[in-house]
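Colleague: Pasted the sequence and its predicted model underneath.
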Amino acid sequence: MERIRQLRKERGLSQAKLAVMADMDPATLNRLERGTGNPNLKTLERVADALGVEVADFFPKAPRRSSLEPSLLNGLEDERRIVIDYAGCRDALHGFCVHWEEVLKAGQLTHRSFQHFEASARSLSKLMRQLMGAEMVELGREEDGSEPTFYSERSVLWSAIDCFIVLGIQMDRLGKERFGEDLTSSADVIELREYAQKKAS
């Protein structure tokens, strides 16, 4: 991710120094900056903590080419509009889901890893709700004039959001069965689960 490289250079850090601060292998950081590989959320969180930023700061934003539509991010003095790189966010969330699906497939879910998933899912749920709202604004009304439906085929994010919700429901069930815990301690996960149930009804 080019943004990680930019933030590192802004702070005058070498790759080796940042790798030490983030407690990770320098080769992993190098691949991350080059945009190769598929980092999980834990890796991104360690780098974000070392740089003193949020994981969301790693996702690029691009200038809107031409649009007079209102934006959640308008109000800039020079009237510029920016949009979120939804495809990048979608791919990152898919990577998170794939990681945990592999953990489950290999039978490696422990109580500790379940708690790590819950903490990660809580953070991601907040971010995803904000992204969903932003994309709905970008999608605008449906062709028939009705309110935008987030999970329409026009959504870039929906496939990853759907995967994330299904994974969350599965982890909730496994947490109850194996550890006597569930994800209902996180209001954000509950809200996404309820959203999924409404979508399915």
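Modeller: Structure's in. What do you need?
Colleague: What residues of the one helix or strand residue 90 maps to count as buried?
Modeller: Secondary structure from DSSP states H and E places residue 90 in helix 86-105. Neighbour-count burial for helix 86-105 flags 86, 88, 89, 90, 92, 93, 95, 96, 97, 99, 100, 103 (criterion: 16 or more other CB atoms under 10 Å). Every residue, glycine included, has its C-beta placed from N, CA and C.
Colleague: And the furthest pair within those?
Modeller: Largest separation among those by CB to CB: 86 and 103, giving 26.1 Å.
Colleague: For residue 19, list the residues it contacts.
Modeller: Residue 19 is in contact with 25, 26, 28, 29, counting by CB atoms under 8 Å, 6 or more residues apart in numbering.
Colleague: Just among the residues you listed, which is most surrounded?
Modeller: Neighbour counts for the contacts of residue 19 (other CB atoms under 10 Å) peak at residue 29, which has 25 neighbours.
Colleague: worst-scoring helix or strand of this protein, pLDDT-wise?
Modeller: strand 61-63 (a mean of 46; mean pLDDT, DSSP states H and E).
Colleague: counting contacts, what elements does the longest helix anywhere in the chain pack onto?
Modeller: Of all segments of type helix in the chain, defined using DSSP state H, the longest is helix 111-139. Contacts defined by 3 or more CB pairs under 8 Å, 6 or more residues apart in numbering; DSSP states H and E place helix 111-139 against helix 41-51, strand 82-84, helix 86-105, helix 158-179, helix 187-200.
Colleague: okay, the ones you listed, which one's buried deepest?
Modeller: Greatest average neighbour count among the helices and strands packed on helix 111-139 goes to helix 41-51 (a mean of 19), per mean count of other CB atoms under 10 Å.
Colleague: Give me the mean pLDDT for it.
Modeller: Averaging pLDDT along helix 41-51 gives 83.
Colleague: Check stretch 127-145 too.
Modeller: On average, stretch 127-145 scores 73.
Colleague: So that it lines up with my notes, have the first residue be 681 from now on.
Modeller: I'll keep to 681 as the first residue from here, and by that count the last item is stretch 807-825.
Colleague: Give me the local confidence score for residue 873.
Modeller: Looking at residue 873, the pLDDT reads 59.
Colleague: Using CSV, please lay out the helices and strands packed on helix 791-819 together with distance to residue 795.
Modeller: Formatted as CSV, the helices and strands packed on helix 791-819 follow (distance: least, CB to CB, whole Å):
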stretch, distance to residue 795
helix 721-731, 12
strand 762-764, 30
helix 766-785, 13
helix 838-859, 9
helix 867-880, 13
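Colleague: least reliable of those going by mean pLDDT?
Modeller: Across the helices and strands packed on helix 791-819, helix 867-880 gives the lowest mean pLDDT, at a mean of 54.
Colleague: Spatially nearest residue to residue 693 (excluding sequence neighbours)?
Modeller: Nearest residue to residue 693 in three dimensions, chain neighbours excluded: residue 701, at 7.5 Å (CB to CB, 6 or more residues apart in numbering).
Colleague: quick check, residue 703 in a strand?
Modeller: No. Counting by DSSP: H, G, I helix; E, B strand; the rest coil, residue 703 falls outside a strand, being coil.
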